[in-house]
Each structure stands twice: as structure tokens, then as C-alpha cells.
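S.K.: predicted model, plus sequence, below.
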Amino acid sequence: MYKYFLRYVISVLFLLGISGQANAEFKVGFVYVGPTGDHGWTYQHDEGRKAVEAAGIKTTYVESVPEGADAERVIRQLAQSGHDLIFTTSFGYMDPTNKVAKDFPNVKFEHATGYKREHSNVSTYSARFYEGRTLLGHMAGKMTKTNVIGYIASFPIPEVIRGINAMTLAAQKVNPDIKTKIVWVFTWYDPGKESEAAQALIDQGADIIMQHTDSTAPVQVAEKAGVWSFGQASDMQRFAPKSILTSIIDDWAPYYVERSIAARDGTWKQQDTWHGLKEGMVAMAPYNSAMGSDLIKEVEKLQKDLASGKAHSFTGPIYDQKGNILVAAGSVADDGMLAGMNVYVKGVEGDIPQ
Amino acid sequence: MSFDINFIGILIGAIMASSVPLILAACGELITERSGVLNLGVEGMMIIGAISGFALMVVTDNLFLAVMGSMLSGLIISIIFALLTQSLLTNHVATGLALTIFGIGMSAMIGKNFVGIPGKEFPLLFVNLKESVPFFGPIIFGHSIILYFAFLLPFLTNYFLKNTKVGLIVRAVGDSPTSASNQGINVLLVRYSCILYGGAMCGLAGAYLSLIYTPQWIENMTGGRGWIALALVVFATWSPIKVLIGALIFGGITILQLHMQAIGLRIPVQLLSALPYIMTIIVLVVISRDSRKIKLNTPTSLGQIFYKEK
């Protein structure tokens, strides 16, 4: 309790600008959308920050910063108080980051999951979470008995649709009879809604629950109902030890360390990074032994192939729901197509909300 | 998936479980409002109940203490509201809003240390009967004791208000505190009690969320349910039975719209998400059209400041 109180006092003092005296020491700032203890998205970003700290670089963070006007104020304060590099770790910080970057040309900015780099001191970075989804799809296709996969989706943006498609394609490959049922909850984080959605999918016959939302509620519902599930963003295994087959883990640490050192040594350059299994930005939690050693071996091999480029999540032929060809046989989807993905592939039920 | 009779039973069971926090909070607020006090702090009291219950469960490892503690903490923060509005005569609306903001902030601060801890299994009653009795099994059995209490509460509340002397006193105070006071009724005592009772019920509603429904602590986990409970009380024209109906419709359509999505019905998802709100209002307005009854049930002095002239 004391620790948190102290942290609170420090961040208040900090925001008042008392500690805002410029000094020569190199400092990196982080802006988080949730609490560091969310055991999902923000938790993983903070693990990355700790790695930077361990590399001998001083860091500061501000947590639970709402996307919007508050974000700009916080980012500006960090820039004013002598931070040399600032990571803004949510999609909604895109415009505030660029706005502040304009006024502080000597400060470097790194924005996660966005696409706007309006000034030369703004970089963007994201991870190829869809590669993880391909692995989940393979496991789901093999493990399901009812051939129904339940998918809790947050918002109809390309990142989420890409995940649904990657998973479905991989599952179809090992089990042509599978159906993907999707429930849109229109939130990243609402345990009540997420668990109702999970329960509805299970009652509809799904024996695999997958989520693109951040709370641990869906895996807990799956555990209770005795169906399989997958964790999101960080290893959620202890919330559902029997049910979770694996979790997709976002590992930002190497990137954060690399970029912080580059900024400190003066070699930082603007770039757009999209790393996946190969670079380790997307990692998989230990596989549940309930899958059996044969399947685990298969998945590990697929993981290796995805990392080496021997396999690709979107290898043609790929058709949309109406049967039109999206990716021709023998070729793979390019990054431009992946980044703007806005249609379901064949085999997904329902429509994308407009 | 076929819509066999057992499936409908499971569905109804899920709907009942989702409406429990609404029933508890709304029945508590109903008593408060019947005494002429408008407490908009329902959301704040619920979230305080949620974190207190969860924190106590983690610290003491005792679910009974956790549930009692959540009610007590809801009651304690409602004392702040009672002191301000009844003794210091502040505006009900402003004070209630402040209570909600305070509750959300306070709970987030206490909750810092309890994020990411898995909850404990809450004991459910008659679980074996749930499986073995067709259709009625999942409806009647396999719930937590708090659910059974929640479904009794509207009827108890109704009986209390209509058939007991204390209930009549509460209504008298709500209709005309001045007349009640002239009859020798201690208006302040009645209103304090009603506010505290409302606080305890909201605390319990919060604990249901953090201990049973989604057993963990997450910032802002009540997710606006307090406001829905408040709206239910008004649209149900202060009748506990209609509160129950409203809560079930709201919970029902919330769950059904998820099923409609999962089935793959081609209805815009946004419309489906809005349906619970629309349908609940329509149904409650339709069943509450008797203007004589509305007059009878509406606490005339709701939200008005009362002070006894010395």
C-alpha cells in the first residue's frame, strides 16, 4: 500500500512540475492506458520498461492515462520535464503524440500500434499478433470436438479482423468442418460483458474460447465450463490452469531496450516496426500438456516455420465469405493488405459490424 | 446448436444471474427514494462494495466476512451522503454525483494492490440437481445464496412497503416529510435508515460482481450498472415487482443479443447492443401506464431538502 501511495505522491509532484527541472541525465518516459497490474496489455509494456531500467537507463511512467485530452497533457509534461524518449503505448495516443512531437523536435517519440508519423521524431511500432493467432487456430482445429470455435472480439478494426481470419484459416487447414462464431463486445476491458459473451458462445456449442479483449474473465468462464481457452497479451495460465492451452505474449522488452540505447547513443532514426515471432515481439506461453506431445510438436514446428518465414499466416488461395479470391494460390498476403484488412475469410460466420 | 428445452433453461439461468446486481441495487435505492431521498451515488456505493468484498476475501480468505464487509462498507459511505444531505442540507443530486465520483476514485486507489489476483470459488447451492432436473434444473438450482436472496427481495420490499407499519412510515415521510414530522415521526431517523439500507444493498450488489459474477477486482468493474439500477427504479414507477421485471428484461436482452450474434443473425450489432436499453424502457413504460398508481407510488417529496423548524 505504502509503495503505491508513494508512487502516487511522486507522480503528483511530477505532474506539478516540481521535479520538472531539466537535467542532463538521459531519461525515458512511458505512458500507459491501463494500470500496470492489469495482467494484460499494460502489464507487458511495463515489463518492457523494467528491462530498459535493468539496462541502466532511467525510466518514468504514468499509468491509467485516458485516451484523449489528458493524454496530450501527460505526454507534454514528460517532454517538458527532460525525457529524451517517450513511448506512448495505446492506439488512441496517436494524435496527441504527433501534436506534442511537433513542439519538441529534440525529444524522440515512439507510438505503439499507430500509423501516423507526421514529424521526423515520431516512430511507430507494433507486433504481428496474427502469427500467434495462426498457432491458436491450429490447436483449436485439432482440439475441438464440437467444431465450433467461439471468438470474443473487441472493435471491428483491421488488427482484430486479421486475428479472426488468421485463426480461422489455420483451423480450417487441420479441420475443414470448423465454424468460427464471433461476438463483438465493443470494449477492450469489461469483465462482466466479456464473461457473458464467453458463456453465450459456450452455450451455443463452442468448446474453444478465444478472446481479443484484455481481461481474464473469458478464460475463467471457460475453466468453469470445462472448455479450452487461450490467454491474451500475457500468460494468463494461473487464472485458468486446466483450460488454457497457451497464451499469446507481447514481448516489448528487446525493442524498448534497443530503441532506448539507440536514442541515448544518438543513433535513433525514425522507423515503422512490425515484428513478430521471428524477432520475439510475439511469443507463446508454455503449451498445455493436455494437448498431447504430438500436437505440441506440430505446433512448435509451425511456430518455427512462421518465425523463419517458411510458413506464412496468409498463404493463398484465400477466399472471402462470398467466394471471391483474396490471395492467389501460391502467394502470400503483403503487409499493405494485412494492415488494411476489412473482410472476413470464408468459414467465418456473420458480418463485420460497420 | 438446437434450441431444445434444456438449452432454454440454461439461458434463463444465465439471464437470472446477470440481473442480480440490478435487482439488489435497485431495491435498495427504491427504499431510499420512497423516503424522499434521491441518492445518485448508487454506482459509487456499488464499486466500493465490490472492492471491499474482494479485498476482504483476499485478506481474510473468508467469503462470509467478505460479503458482510461489502454491505458494511456500502453502508459506511452512504453515511457520508446522509450526513451531507440530511444534517447539512446539501443538494441531493450534487451530493449523489459526488459520491459516485468519490467511490470510483477511492475504489481504484484501494484496489491497486488487488489487481490480477484470481478470485475464489463461491459456493453454489444444489449443483447436482441443476444437472439432473430437465429444464427447471438450471433455472432453479445451482445458484449462489445471494441470487436467491435477490429474487426474494422485491417481494419482501413490496410487502414491507404495503403491509407493515414501518413501511407506511417510510412512505409517509417520502410523500410529505412535514406532515409526517407533525405526526411525531422522526423524519431524520427514517431517512438516515433508508439511506443506510440503500447503501448496504448497493454494497452487496457490488460484491456479487467481484465475488461471484466475475470473481476478480478490476477498476470500474461495475461498468454503469448503478446508473441502470437508478433508471430502473424510476421507469418501474417505484414498484419493487416492476423493478424485478425490468431487471430481468434488461439482463435477458443483454444475454440474448450475444446469442443472436453467436448464431450469426444478420442484424446490425450496434442495434443489438442498444436493444436492452430500448426494450426495458418500452416494456416498463407500457406496464406502468396506470396514472392513479403512479401517483400513489411516486414519493412526492423526492429530492427535496427537508428541515424541521425549531
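M.R.: The structure has been received and is ready for your questions. Just so it is clear, the structure is predicted and the values come from calculations on it, not from any experiment.

S.K.: up against chain A, what does the stretch 51-200 of chain B have?
M.R.: B:Ala108, B:Met109, B:Lys112, B:Asn113, B:Val115, B:Gly116, B:Pro118, B:Gly119 (CB under 8 Å from any CB of the partner chain). In short, each C-beta sits where N, CA and C put it, glycine included.

S.K.: how about the second one, secondary structure?
M.R.: Reducing the assignment to helix, strand or coil with DSSP: H, G, I helix; E, B strand; the rest coil, the entry for B:Met109 is helix.

S.K.: wait, A:Lys278 touches A:Ala307, no?
M.R.: Yes - proximity of A:Lys278 to A:Ala307 meets the contact threshold set by CB atoms under 8 Å, at 4.5 Å.

S.K.: ok, back up a step: filter the residues of the stretch 51-200 of chain B next to chain A to the buried ones?
M.R.: Buried members of these, counted by 16 or more other CB atoms under 10 Å in any protein chain shown: B:Ala108, B:Lys112, B:Asn113, B:Val115, B:Gly116, B:Pro118, B:Gly119.

S.K.: ok, the fifth one - contacts?
M.R.: In this case it means B:Gly116. Residues in contact with B:Gly116 (CB atoms under 8 Å, 6 or more residues apart in numbering or on different chains) are A:Gly37, A:Asp38, A:His39, A:Tyr43, A:Thr216, B:Gln216.

S.K.: for chain B, see how far away the fifth one is.
M.R.: By that I understand A:Thr216. 7 Å (CB to the nearest CB, to the nearest Å).

S.K.: one step back: of all the residues of the stretch 51-200 of chain B next to chain A, which two lie farthest apart?
M.R.: The widest separation within these, taken as CB to CB, falls between B:Met109 and B:Pro118 and amounts to 21.6 Å.

S.K.: ok, then the element right after the worst-scoring helix or strand of chain B on mean pLDDT?
M.R.: When each helix and strand of chain B is scored by mean pLDDT, DSSP states H and E, helix B:127-132 comes last, with a mean of 80. Sequence order places helix B:136-140 as the next helix or strand after helix B:127-132, per DSSP states H and E.

S.K.: and the contacts of the helix or strand following that next one?
M.R.: Once helix B:136-140 ends, the next helix or strand along the chain (criterion: DSSP H and E) is helix B:145-163. Residues outside helix B:145-163 that contact it (CB under 8 Å, 6+ apart): B:16-17, B:20, B:23-24, B:27, B:30-31, B:34, B:67, B:123, B:125, B:166-168, B:170-171, B:201, B:204, B:207-208, B:212, B:239-241, B:243-244.

S.K.: could you give me the average pLDDT of the helix or strand that helix B:145-163 is followed by?
M.R.: Next helix or strand after helix B:145-163 toward the C-terminus (DSSP H and E): helix B:165-175. Helix B:165-175 carries an average pLDDT of 95.

S.K.: show me where chain B has helices.
M.R.: With helices called from DSSP state H, chain B shows them at B:5-34, B:42-60, B:63-82, B:92-111, B:127-132, B:136-140, B:145-163, B:165-175, B:177-182, B:187-207, B:225-235, B:240-263, B:269-287, B:291-297.

S.K.: what of the stretch 151-300 of chain A?
M.R.: A:158-174, A:191-203, A:217-225, A:253-265, A:293-308 (DSSP state H, counting those that start in this stretch).

S.K.: determine if any part of the first one is in contact with chain B.
M.R.: This means helix A:158-174. No - Helix A:158-174 lies apart from chain B when judged by CB under 8 Å from any CB; the minimum separation is 13.0 Å.

S.K.: what angle separates that helix from helix A:293-308?
M.R.: Per axes from the mean of the first three to the mean of the last three CA atoms, to 10 degrees, the angle that helix A:158-174 makes with helix A:293-308 is 130 degrees.

S.K.: now helix A:158-174: buried residues?
M.R.: A:159-172, A:174.

S.K.: and the single nearest residue of the stretch 1-150 of chain A relative to chain B, how many neighbours does it have?
M.R.: Going by CB to the nearest CB, chain B is nearest to A:Gly37 of the stretch 1-150 of chain A, at 3.5 Å. Neighbours of A:Gly37 under the rule other CB atoms under 10 Å in any protein chain shown: 21.

S.K.: wait, doesn't it sit right on A:Tyr43?
M.R.: Yes - A:Gly37 lies in contact with A:Tyr43 (CB under 8 Å); the separation is 6.6 Å.

S.K.: residue ranges with poor pLDDT in chain B?
M.R.: B:1-3, B:309-310 (pLDDT under 70).

S.K.: which one of the buried ones among the residues of the stretch 51-200 of chain B next to chain A is nearest B:Leu129?
M.R.: Proximity of these to B:Leu129 (CB to CB) peaks at B:Gly119, which lies at 24.6 Å.

S.K.: quick one: the strands in chain A?
M.R.: Along chain A, counting by DSSP state E, strands occupy A:27-31, A:58-62, A:85-88, A:108-112, A:122-127, A:148-153, A:179-184, A:208-211, A:228-231, A:244-250, A:272-275, A:282-284, A:318-319, A:325-327.

S.K.: quick one, which of the ones you listed is nearest to B:Ala82?
M.R.: Nearest to B:Ala82 among these is strand A:58-62; the distance by CB to CB comes to 36.6 Å.

S.K.: now do the buried residues in that closest one.
M.R.: The neighbour-count check on strand A:58-62 (16+ other CB under 10 Å) flags A:Thr59, A:Thr60, A:Tyr61, A:Val62 as buried.

S.K.: for the third one, name its beta-bridge partners.
M.R.: Going back to what we said before, that points to A:Tyr61. Beta-bridge partners recorded for A:Tyr61 (DSSP bridges): A:Phe30.

S.K.: that one against A:Asp46, yeah?
M.R.: Yes - in this structure, A:Tyr61 is within contact of A:Asp46 by CB under 8 Å, at 6.8 Å.

S.K.: residues near A:Leu338, how many?
M.R.: A:Leu338 has 19 neighbouring residues, counting by other CB under 10 Å.

S.K.: find the nearest non-adjacent residue to it, please.
M.R.: Once flanking residues are discounted, A:Leu338 sits nearest to A:Arg162: 6.0 Å by CB to CB, 6 or more residues apart in numbering or on different chains.

S.K.: same check on B:Ala14?
M.R.: Closest residue in space to B:Ala14, ignoring its immediate chain neighbours: B:Ile255 at 5.4 Å, by CB to CB, 6+ apart.

S.K.: ok, the one you found - contacts?
M.R.: B:Ile255 neighbours (CB under 8 Å, 6+ apart): A:Glu196, A:Gln199, A:Ala200, B:Leu11, B:Ala14, B:Ile15, B:Ser18.

S.K.: gap between it and B:Glu43?
M.R.: Using CB to CB, to the nearest Å, B:Ile255 is found at 22 Å from B:Glu43.

S.K.: and the pLDDT at the closest residue to A:Val345 other than its chain neighbours?
M.R.: Distances taken as CB to CB, 6+ apart put A:Asn165 closest to A:Val345, at 4.6 Å, once the chain neighbours are dropped. Reading off the confidence values, A:Asn165 has pLDDT 96.
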